[in-house]
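*Asks:* can't give you the sequence, but here's the structure:
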């Protein structure tokens, strides 16, 4: 029997990363669909229990979830989760698993989990209490610090600050709009950080991301990727970070400062085009192979 699988995202038209994974799956001889979450409908009750696009019921053996949406209302977010939960309840294997996909979207909870597992992360704090935030900044005497959104990717909305009073004004506006700020000590890196792409129990590709006229090292922000081999301790750190989040694959961002390594983020639906360009490694093929191996177990 031919396996029925899907690549799941929020966009009406599949972005390049999704198209590459779809092609890799088709090369493996499985039946592949693209499922845009915006066009799915769910009905439940009085004999009805189905997920549909248009008038066609969705029946899948497995799916690779590539995104829940960078910017969405809480209602959209919970509806999309319900769609994916429906699939899991029907026995569909999802990669990454839904519960841990949700957790990984929360930068603060990610850092809590990593540190709890003994993984080094930069000093970070968050609150809806502006007095607490301001007091911590003053007491710690941080000369440079980064203001981040609790959720987000590609470095969007991340701001480098040096003045607690400037932060106070920004944080006050954020909190007035019910947006809790996350503050992190700025890690002084040598103009680059590390992106390690982990699948299963190994790092399949890695690169240095060199900033290009900006302090941010995200490829989406203009950074330049250069292939690198990681020292065993750094590889182990990347693998442990992904495993701490109970994920099957992830992009792990690591910063080096004065010979010490800190994990900044664990991305559960990472982009990989820049990494492929830098390393020449066929990441979609490796993702497809791992996904199908897990699906067939």
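*Replies:* Here it is on my side, so go on. The structure presented is a predicted model; accordingly, all values stated were derived computationally and were not measured.
*Asks:* for the stretch 151-297 of the chain, which segments count as strands?
*Replies:* Taking DSSP state E, counting those that start in this stretch as the criterion, the stretch 151-297 of the chain carries its strands at 159-161, 182-185, 192-199, 202-210, 224-227, 249-257, 260-267.
*Asks:* hmm, residue 30 is touching residue 292, no?
*Replies:* Yes - with contact defined as CB atoms under 8 Å, residue 30 and residue 292 form a contacting pair (7.0 Å). Any C-beta I mention is one placed from the backbone N, CA and C, and that applies to glycine too.
*Asks:* tell me the SS of residue 94?
*Replies:* Under the three-state scheme (DSSP: H, G, I helix; E, B strand; the rest coil), residue 94 adopts strand.
*Asks:* not counting sequence-adjacent ones, nearest residue to it?
*Replies:* Leaving aside its sequence neighbours, residue 94 sits nearest to residue 63 (CB to CB, 6 or more residues apart in numbering; 5.3 Å).
*Asks:* which strand residues bridge the one you found?
*Replies:* Counting by DSSP bridges, residue 63 is bridged to residue 6, residue 94.
*Asks:* so how many other residues sit close to it?
*Replies:* Using other CB atoms under 10 Å, residue 63 has 24 neighbouring residues.
*Asks:* surely it and residue 4 touch.
*Replies:* No - at 9.5 Å, residue 63 does not count as touching residue 4 under the criterion of CB under 8 Å.
*Asks:* now the strands of the stretch 151-297 of the chain in TSV, with mean neighbour count and distance to residue 141?
*Replies:* Formatted as TSV, those follow (neighbours: other CB atoms under 10 Å; distance: least, CB to CB, whole Å):
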stretch	mean neighbour count	distance to residue 141
strand 159-161	15	14
strand 182-185	21	11
strand 192-199	24	24
strand 202-210	20	29
strand 224-227	16	33
strand 249-257	22	17
strand 260-267	21	19
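*Asks:* mind putting those in CSV, distance to residue 74 and mean pLDDT included?
*Replies:* Formatted as CSV, those follow (distance: least, CB to CB, whole Å; pLDDT from 0 to 100):
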stretch, distance to residue 74, mean pLDDT
strand 159-161, 24, 92
strand 182-185, 18, 96
strand 192-199, 30, 96
strand 202-210, 32, 95
strand 224-227, 35, 91
strand 249-257, 25, 96
strand 260-267, 22, 96
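*Asks:* I am finished for the moment; much appreciated.
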